[in-house]
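Undergrad: show me the folded form of this:
(chains A and B)
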Protein chains: 2
Amino acid sequence: MSMKTVSTAKSHGGIQGVYTHASASCACDMTFAVFVPPQAAEAPCPVMWYLSGLTCTHQNVMDKGEYRRLAAELGLIVVCPDTSPRGETVPDDAQDWQFGSGAGFYVDATQAPYDAHYRMYSYVTEELPALIAQNFPADMNRQGIFGHSMGGHGALTVALKNPKRFKSCSAFAPIVSPSTSDWSKKAFERYLGADEDAWRVHDACLLIEDGHRFGEIMVDQGTADGFLEEGLKPWLLEEACKKAGISLTLRMQEGYDHSYFFISTFMEDHLRWHAQRLA
Amino acid sequence: MSMKTVSTAKSHGGIQGVYTHASASCACDMTFAVFVPPQAAEAPCPVMWYLSGLTCTHQNVMDKGEYRRLAAELGLIVVCPDTSPRGETVPDDAQDWQFGSGAGFYVDATQAPYDAHYRMYSYVTEELPALIAQNFPADMNRQGIFGHSMGGHGALTVALKNPKRFKSCSAFAPIVSPSTSDWSKKAFERYLGADEDAWRVHDACLLIEDGHRFGEIMVDQGTADGFLEEGLKPWLLEEACKKAGISLTLRMQEGYDHSYFFISTFMEDHLRWHAQRLA
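TA: Presented below is the predicted three-dimensional model:
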């Protein structure tokens, strides 16, 4: 597996890089960002996976997430994948920001023509981890995962399905119930088909209902988030975790919205939470 | 003087806002960003002016500068103006990123047709400060100024010309000698005319040569900055300050480039430096 370096820059004592590779899962070139902290010069470092939200690429959190200072202090590699396959050969719906480019939802599509490219679940759980293990000073026995909004959904579902691989999981304003959220129902139908049973393995609340477990989860949610009621509904996750006996730390953050102004504010808390569990 | 709120968002306990107003200096609408820290609820706060570099708007540092955490901790208002007038009525040279839109160089143009709009010196030293004083909980007796590249040039020249107004001045990779820098000579000629004597009041090294003084200055400069030799030449500032007896702290930062990956790394040092002097 080979990759190409798009750019590297020193930042907070580490290296922020951007890379591309020909993805087999997505059948297109994929771009991703990796921050390598200074500690990696001495020994392999734990890996944090940050999954981004709708309309984002690898770049939004790289520009606005304010994670490098802490990652450099705590000795964490931070990997930021793109949110969907992209390119001229990739079917898309340019009119719909909740489907297609920028809206992969971290599922493996089963419906034509999307199944040929929209395989973000395999991409972020198999192909990209193998590439990272091969090309970066990563301790793959210590991985944590977090994300924002659609990427919060991604982090929760990936962690619930791979509880042994990830030692820690958190989310900023995640879509906890994509099967019922206005933001995702349409995309799920087009990627996964009309039979909602097939959606359950990509829905955090339903995964928990179906017996999947994860040690403990932290979620931050802004109270001024305009998408709280229709798209996010963190109380559904709270209910599911309560029933299942999963330890959920849900923090309602007064006055914060859905943007990176919110994420960057609580980035430090999340990275410290993960670092403790990855130590 | 009235202004319009474009957006506000809570961040790091304070409010990051974006505003527009009809600028008399620039004869067009101007957009700027202001971060107000939580301490402003109790008492007026010191004001930090951040002047941005070529091609930037108010937004680049707002997205990538990582200043809010520190400004919230230290109780600093941070004002980020745009870098030039903009709009359909404003003469521009779309082919040249070193002139026109995004390249105001913080001078008052004297040459037609640019003199009708390109009055960024008056804008950042008179008009915008008056607007800030009127509309924000700002302690205008405690102001500091800093900036990047073209904005570092702006910060140095504005501070040298207004040493009583500003209690602190620093810069990231500033253009210290715009009269000789490849980056600025052409713009100076078009804004200020061919007579280089008129350029001296907008050139940090020449202002010092002509007797202007500022208490102490801090400059960070990356050693891997591709523009070091042609555009920036910090050793010229070092020489000028040495001759004039100005205390300059010039820190050559090993391996850092000209980007916000560099700026965000040292943002904390700069804001702490200013806060000490604004206390």
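
Undergrad: who in chain A is up against chain B?
TA: Within chain A, the residues that sit near chain B (Cβ under 8 Å from any Cβ of the partner chain) are A:9-13, A:16, A:63-64, A:66, A:68-69, A:222, A:224, A:255-257, A:259-262, A:264-265, A:268. C-beta: built from backbone N, CA, C; applies to glycine.

Undergrad: apply the buried test to the residues you listed and list what passes.
TA: Among the residues of chain A next to chain B, the ones that count as buried by 16 or more other Cβ atoms under 10 Å in any protein chain shown are A:9-13, A:16, A:63-64, A:66, A:68-69, A:222, A:256-257, A:259-262, A:264-265, A:268.

Undergrad: just the ones of the residues you listed in strands?
TA: Among these, the members falling in strands (DSSP state E) are A:Ala9, A:Lys10, A:Ser11, A:Gln16, A:Gly222.

Undergrad: just the helices in the stretch 51-200 of chain A please.
TA: Assignment of helices within the stretch 51-200 of chain A using DSSP state H, counting those that start in this stretch yields the ranges A:59-64, A:68-74, A:120-122, A:128-135, A:150-161, A:185-192.

Undergrad: returning to that earlier point: tell me the one of the ones in strands among the buried ones among the residues of chain A next to chain B nearest A:Thr55?
TA: Ranked by distance to A:Thr55 (Cβ to Cβ), these are led by A:Gly222 at 17.9 Å.

Undergrad: pretty sure the closest one is touching A:Arg251, no?
TA: No: using Cβ atoms under 8 Å, A:Gly222 is not in contact with A:Arg251; the gap is 9.8 Å.

Undergrad: where in chain A is the helix or strand with the lowest mean pLDDT?
TA: helix A:185-192 (a mean of 96; mean pLDDT, DSSP states H and E).

Undergrad: helix or strand right after that helix?
TA: helix A:204-209 (DSSP states H and E).

Undergrad: which residues sit in contact with the most centrally placed residue in chain A?
TA: Centroid-nearest residue in chain A, with Cα atoms, centre = their mean: A:Leu51, separated by 2.1 Å. Applying Cβ atoms under 8 Å, 6 or more residues apart in numbering or on different chains, we find A:Leu51 in contact with A:81, A:83, A:106, A:124, A:145-148, A:150-152, A:154-155, A:158.

Undergrad: list the beta-bridge partners for it.
TA: A:Gly147 (DSSP bridges).

Undergrad: from A:His58, how far off is it?
TA: For A:Leu51, the distance to A:His58 equals 10 Å [Cβ to Cβ, to the nearest Å].

Undergrad: anything in contact with each of those two?
TA: Residues touching both A:Leu51 and A:His58 by Cβ under 8 Å, 6+ apart: A:Pro81.

Undergrad: if we can go back for a sec, export the contacts of A:Leu51 as TSV, with columns for neighbour count.
TA: Putting the contacts of A:Leu51 into TSV (neighbours: other Cβ atoms under 10 Å in any protein chain shown) gives the following:
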residue	neighbour count
A:Pro81	28
A:Thr83	27
A:Tyr106	27
A:Val124	26
A:Ile145	29
A:Phe146	33
A:Gly147	31
A:His148	29
A:Met150	31
A:Gly151	32
A:Gly152	29
A:Gly154	35
A:Ala155	29
A:Val158	23
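
Undergrad: which of the residues you listed sits closest to chain B?
TA: A:His148 (14.6 Å; Cβ to the nearest Cβ).

Undergrad: thought the closest one was touching A:Ala171?
TA: Yes: the criterion here is Cβ under 8 Å, and A:His148 meets it with A:Ala171 at 7.2 Å.

Undergrad: any residues in contact with both of these two?
TA: By Cβ under 8 Å, 6+ apart, A:His148 and A:Ala171 have no common neighbours.

Undergrad: so who does the residue of the stretch 151-279 of chain A found nearest chain B touch?
TA: Here the stretch 151-279 of chain A gets closest to chain B at one residue, A:Phe261, 3.7 Å apart by Cβ to the nearest Cβ. By Cβ under 8 Å, 6+ apart, A:Phe261 lies in contact with B:Ala9, B:Lys10, B:Ser11, B:Gln16, B:Arg68.

Undergrad: next: A:Ile132.
TA: A:Ile132 makes contacts with A:Val34, A:Val47, A:Ile77, A:Val79, A:Ala138, A:Met140, as judged by Cβ under 8 Å, 6+ apart.

Undergrad: closest to chain B out of those residues?
TA: Taking these together and measuring to chain B by Cβ to the nearest Cβ, the closest member is A:Val34, at 13.4 Å.

Undergrad: re the thing from before, of the contacts of A:Ile132, keep whichever come out buried.
TA: By neighbour count, with 16+ other Cβ under 10 Å, the contacts of A:Ile132 hold A:Val34, A:Val47, A:Ile77, A:Val79, A:Ala138 as buried.

Undergrad: surely A:Met3 is in contact with A:Thr20?
TA: Yes: A:Met3 sits in contact with A:Thr20 when judged by Cβ under 8 Å, with a separation of 6.7 Å.

Undergrad: would you mind measuring from the nearest residue to A:Pro174 once chain neighbours are set aside to A:Ile208?
TA: Counting by Cβ to Cβ, 6 or more residues apart in numbering or on different chains, A:Pro174 lies nearest to A:Gly152, which is 2.4 Å off, once chain neighbours are set aside. As judged by Cβ to Cβ, A:Gly152 and A:Ile208 stand 15 Å apart.

Undergrad: same thing with A:Gly75?
TA: Relative to A:Ile208, A:Gly75 is positioned 32 Å away (Cβ to Cβ).

Undergrad: with A:Ile77 instead?
TA: Using Cβ to Cβ, one gets 29 Å for the distance from A:Ile77 to A:Ile208.

Undergrad: would you mind writing the CA trace of whatever helix or strand A:Asp220 lives in as PDB?
TA: In this structure, A:Asp220 is located in strand A:216-222 according to DSSP H and E. Taking Å, rounded to 0.1, in the frame of the first residue of the first chain, the C-alpha atoms of strand A:216-222 are listed here in PDB:
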ATOM      1  CA  GLU A 216     -17.600   4.200  28.700                       C
ATOM      2  CA  ILE A 217     -18.500   7.100  26.400                       C
ATOM      3  CA  MET A 218     -18.200  10.800  26.700                       C
ATOM      4  CA  VAL A 219     -20.500  13.200  24.700                       C
ATOM      5  CA  ASP A 220     -20.500  17.000  24.600                       C
ATOM      6  CA  GLN A 221     -23.500  18.700  23.200                       C
ATOM      7  CA  GLY A 222     -24.200  22.400  22.900                       C
END
